[in-house]
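Just a sequence and a predicted model for now, questions to come.
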Amino acid sequence: MALTTFATTTFAAARSRAHGPTAALWHAVEVHRLPAEVDGACELTLCGTLARVALDEPWPSSSREVCGTCTTLAGVTPA
Ligand SMILES: [Zn+2]
């Protein structure tokens with residue numbers, strides 16, 4: 001298993017609120033600060049939505065309720 005540097009862009013998972021019939025989705029947030037500073041904070045996601053960062057959820061999320069735009073913008077190819 002290779003070690004990666006921390007110089008690359010890090011993404012955190014963030015949960016948006018549900019909008020009517022649309023379920024709450026997991027989005028990706030670019031993390032430029034210490035993870036402890038963004039945990040639980042509302043941040044602007046890659047797709048331009050405000051969502052609450054949850055560091056206990058990994059990105060890419062294993063959940064099915066993931067924002068497709070954020071997945072694409074984060075460069076993660078779904079399996
Ligand atoms: Zn998104």
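Perfect, I can see it now.

Spell out which residues of the chain are next to the ion.
27, 45, 47, 67, 69, 70 (Cβ under 5 Å from the ion). Any C-beta I mention is one placed from the backbone N, CA and C, and that applies to glycine too.

okay if I get those residues as TSV plus secondary structure and neighbour count?
As requested, the residues of the chain next to the ion are arranged in TSV below (DSSP: H, G, I helix; E, B strand; the rest coil; neighbours: other Cβ atoms under 10 Å):
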residue	secondary structure	neighbour count
27	strand	31
45	coil	27
47	coil	18
67	coil	22
69	helix	16
70	helix	27
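
Which parts of the chain are strands?
Counting by DSSP state E, the chain has strands at residues 10-15, 26-31, 42-44, 50-53.

Give me whichever of those is most buried.
Highest mean neighbour count among the strands of the chain (mean count of other Cβ atoms under 10 Å): strand 26-31, with a mean of 24.

one step back: among the strands of the chain, which comes closest to residue 74?
With respect to residue 74, and counting by Cβ to Cβ, the nearest of those is strand 26-31 at 4.4 Å.

what about the closest one, distance to the chain center?
2 Å (Cα atoms, centre = their mean, to the nearest Å).
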